[in-house]
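Enquirer: Need the 3D shape of this:
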Amino acid sequence: MTVTPPTLPIRILIVDDSVVIRKLLTATLSEVPGLEIVATAALGKIALAKIAECNPDIVILDVEMPEMDGIETLQHIRKLAPRLPVIMFSTKTDHGAAATIEALTSGASDYVTKPSNTGSVLIAMQRVREEMVPKIQALTARRRPP
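Expert: Below you'll find the model as predicted:
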């Protein structure tokens, strides 16, 4: 009988200037077996330090942030950790859509649209979980040993 070694959790860094979004994403993704939130950051500069400190398997990165926006942060991440998957988390606004396209051309791995302010928070976060978790799993599968 062979014993399968336990799989290590997927280590996630969440970067968003909104404390509400950081907490909602942390709560939502922490419920998923095999996912672990290793750190959160409110600013791009903090995120870069957390990447070096925590060695995440994937980063979820807000597009619109003060000081260093998501695009600039992504460009620094690409220099620091070129193969680290980054999922951009952006709004449905025209500016958010344009920034998401720019992020994808700058090396983002994928994107997920933030829920709108209408309706139930639980339903919105369930939709985010349904969209984001498969992307997290697919993007990190390439980096992790079998």
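Enquirer: Every contact and neighbour count from this point should use C-alpha atoms.
Expert: Noted.
Enquirer: Just read off the phi/psi values of A52.
Expert: phi -70, psi -40 (degrees, to the nearest 10).
Enquirer: That one: how many residues sit nearby?
Expert: Number of residues near A52 (other C-alpha atoms under 10 Å) recorded here: 11.
Enquirer: contacting residues for the most centrally placed residue in the chain?
Expert: What sits nearest the mean C-alpha location of the chain, by C-alpha atoms, centre = their mean, is I60, with 1.2 Å. Counting by C-alpha atoms under 8 Å, 6 or more residues apart in numbering, I60 touches I12, L13, I14, V15, V86, I87, M88, F89.
Enquirer: for H76, same thing?
Expert: Each residue near H76 by C-alpha under 8 Å, 6+ apart is listed here: L48.
Enquirer: Then it would be within a strand, right?
Expert: No - H76 is assigned helix when assessed by DSSP: H, G, I helix; E, B strand; the rest coil, not a strand.
Enquirer: Could you confirm K50 falls within a helix?
Expert: Yes - K50 sits within a helix when classified using three-state DSSP.
Enquirer: Give me the three-state assignment for the closest residue to it other than its chain neighbours.
Expert: Using C-alpha to C-alpha, 6 or more residues apart in numbering and skipping the chain neighbours, the partner closest in space to K50 is A39 (7.0 Å). In three-state terms, and counting by three-state DSSP, A39 is strand.
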